[in-house]
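In: missing the sequence, but the structure's below:
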């Protein structure tokens, strides 16, 4: 009995550490792919000069103050400043999560790394499946609205149809990004599963 309790305690703590590490890496991959895709969008060629200027501003061009584009009204400029700060915060969060995830991975060096990556792949795909199911049942718009209500102050992100921001960044623009984002996540998490299944043979 004396020997069993420490063994069970070690197994339990190891399982908890394994779960925490996988959750941390799932979050890290979500954030990392988000950041990478945003930067790809930032450097991709834009035919519309104003949209190109806005995207550059969102990624740190100029000083951190209201954008100086004369085509924007005050409400639109303030919203872009909020978005810029959000993007910077998400990128900083990604680096923090990446550091924590790496530390957790090093702490469980006695485990086979394959178990952690396998669990990460399964957890990631399940989360994507649930997200996709939610979008399939309710549509993209409710998710889009909910995200905005969570990250932006009330009344600061709703604009009329003739707004410059709505014309430059219609819902289809965000839907396209969302599809690419989810596809990239599916590829990454599926790759983790396939790679670790092959390695275990």
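Out: Great, that's in hand. If you're wondering where the values come from, they're calculated on a predicted model, not measured in any experiment.

In: need the helices for the chain, in chain order.
Out: 4-43, 49-58, 74-107, 113-138, 140-151, 164-168, 171-200 (DSSP state H).

In: as TSV, the ones you listed with mean pLDDT and distance to residue 68 would be great.
Out: Quick note: C-beta positions are derived from backbone N, CA and C, even for glycine. Below are the helices of the chain laid out as TSV (pLDDT from 0 to 100; distance: least, CB to CB, whole Å):
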stretch	mean pLDDT	distance to residue 68
helix 4-43	82	18
helix 49-58	85	9
helix 74-107	91	8
helix 113-138	90	37
helix 140-151	93	24
helix 164-168	91	14
helix 171-200	88	23
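
In: which residue is nearest the middle of the chain?
Out: Per CA atoms, centre = their mean, the C-alpha nearest to the average position across the chain is that of residue 31, at 3.4 Å.

In: now do the same contact list for it.
Out: Contacts for residue 31 (CB atoms under 8 Å, 6 or more residues apart in numbering) come out as 90, 93-94, 97.

In: circling back: reformat the helices of the chain as CSV; add distance to residue 67.
Out: Shown next, in CSV, are the helices of the chain (distance: least, CB to CB, whole Å):
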stretch, distance to residue 67
helix 4-43, 15
helix 49-58, 5
helix 74-107, 5
helix 113-138, 31
helix 140-151, 19
helix 164-168, 11
helix 171-200, 18
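
In: out of those helices, the one nearest residue 66 is which?
Out: Distance to residue 66, taken as CB to CB, is lowest for helix 74-107 among those, at 4.4 Å.

In: chain center to the closest one, what's the gap?
Out: Between the centre of helix 74-107 and the centre of its chain there are 9 Å (CA atoms, centre = their mean, to the nearest Å).

In: please consider this matter closed, and thank you.
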